[in-house]
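[1] Structure for this input, please:
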Amino acid sequence: MLTMRLRLAKERAKPAYDAGEVLKLSSGGHPMSATWRSPVLFAPGNWLIRQWFSDTGELQQEMFPAQTLQRASQDALAA
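    Numbering: from 1, shown residues only. The predicted model follows:
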């Protein structure tokens, strides 16, 4: 229990990503802009609301845990 509290405190103290950064899922996919970052009541860790445009040009939005994301490469941004 103490280990979990320390881990959660560390996650809250230094977020990996900030709002405005361009990220993608670690598993791949479209580059997405982070619009909001914060802990949530229903799950531990930091979560980010992300927005992106689908292949058809439709604006999409979803919430992802920070550990499932990585910064998008410059190659991905140019595409």
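[2] neighbouring contacts of the host helix or strand of T35?
    Assigned by DSSP states H and E, T35 belongs to strand 28-40. Contact with strand 28-40 is made by 11-12, 15, 17-24, 45-54, 61, 63, 66, 72, 76-77, as judged by CB atoms under 8 Å, 6 or more residues apart in numbering. (Glycine included, C-beta is placed from N, CA and C.)
[3] Kindly recompute the last result at 6 Å.
    Strand 28-40 is touched from outside by 15, 17, 19, 21-24, 46-52, 72, 76-77, with contacts defined as CB atoms under 6 Å, 6 or more residues apart in numbering.
[4] can you give me the helices for this protein?
    2-13, 74-78 (DSSP state H).
[5] neighbours around the residue lying closest to E21 once chain neighbours are set aside, how many?
    Among residues not flanking E21 along the chain, A34 sits closest, at 5.0 Å (CB to CB, 6 or more residues apart in numbering). Neighbourhood size, A34 [other CB atoms under 10 Å]: 19.
[6] Check the one 5 residues further on too.
    One way to gauge burial is a neighbour count; for P39, by other CB under 10 Å, it gives 14.
[7] One more: R37?
    A count of neighbours around R37, defined by other CB under 10 Å, yields 18.
[8] per-residue confidence for it?
    Per-residue confidence (pLDDT) for R37: 85.
[9] burial count for the nearest residue to it once chain neighbours are set aside?
    Distance criterion CB to CB, 6+ apart; nearest residue to R37, sequence neighbours excluded, is L48 at 4.9 Å. When neighbours are defined as other CB under 10 Å, L48 has 25 of them.
[10] which residues touch L48?
    Counted by CB under 6 Å, 6+ apart, L48 has contacts 34, 37, 64, 66.
[11] gap between the closest residue to Q51 other than its chain neighbours and W52?
    Spatial nearest neighbour of Q51, chain neighbours left out: Q61 (4.9 Å); criterion: CB to CB, 6+ apart. Distance, Q61 to W52, using CB to CB, to the nearest Å: 8 Å.
[12] Could you give the average pLDDT over stretch 54-65?
    93.
[13] Alright, calling it a day.
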